[in-house]
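Undergrad: Need coordinates for the following:
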Amino acid sequence: MSTVATNQKIIPFLWFNGKAEEAMKLYTSLFANSKIESLKKWDAGSGFDGVMVGTIVLDGLRINMFDAGPHFTFNESFSFFVTCKDQAEVDMYWNALTRDGGAESQCGWLKDKFGFSWQIVPAFMIDKINNGEPKRLGQLMQVMMKMQKLIVADLEAAYNK
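TA: Numbers count the residues shown, from 1 in each chain. Coordinates of the predicted model:
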């Protein structure tokens, strides 16, 4: 497990509306080196239902979650960015996170069934953004802008044309 899990000073805290425990189970099932670290439910009579506070570790990233009603919802201004080694990994995360009510968006973005946004991005693309030739990167970006799920072979073809 990454040292981030034990030394992380800043921890994302996600607000759910009755689905925090389900999200905790889904997220920890998808990522290696992940676990539910703690789970405390609201007491009867508190006026709330579900998770009072839960902590998961996703491959070294500690995240707190709770259920506190419908007052606030997720939007695209905050997302988790997942770097994928190949198309098989892109497909696995994409399919798992859009299943059962998730929604595809553009350019590698999606919302899971809880409304939380994720970016599922192949390492190839990150490498080209950081180290690629500008003209070829522009070609890649034009193709990427037309995609929902990112297709590595199509991105490579666009970069190499």
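Undergrad: which of the residues in the helix or strand Q142 falls within are buried?
TA: Assigned by DSSP states H and E, Q142 belongs to helix 134-144. Of all the residues in helix 134-144, those buried under the rule 16 or more other CB atoms under 10 Å are L137, Q139, L140, M141, V143, M144. To be clear about C-beta, it is placed using only N, CA and C from the backbone, and glycine gets the same treatment.
Undergrad: could you dump the residues you listed to JSON lines with pLDDT and distance to L150?
TA: Listed next are the buried residues of helix 134-144 as JSON lines, based on pLDDT from 0 to 100; distance: CB to CB, whole Å:
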{"residue": "L137", "pLDDT": "97", "distance to L150": "15"}
{"residue": "Q139", "pLDDT": "96", "distance to L150": "15"}
{"residue": "L140", "pLDDT": "97", "distance to L150": "10"}
{"residue": "M141", "pLDDT": "97", "distance to L150": "12"}
{"residue": "V143", "pLDDT": "97", "distance to L150": "10"}
{"residue": "M144", "pLDDT": "97", "distance to L150": "7"}
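Undergrad: Farthest-apart pair in those, please.
TA: Greatest spatial distance in the buried residues of helix 134-144: L137 and V143, 10.9 Å, computed using CB to CB.
Undergrad: Outline the domain layout of the protein.
TA: 1-72, 74-161 (automatic domain parsing).
Undergrad: Those: lowest mean pLDDT?
TA: Across those, domain 1-72 has the smallest mean pLDDT, namely a mean of 91.
Undergrad: Need the residue in the chain that's farthest from the chain's center.
TA: The centre of the chain is farthest from one residue, G45, which by CA atoms, centre = their mean lies 33.3 Å away.
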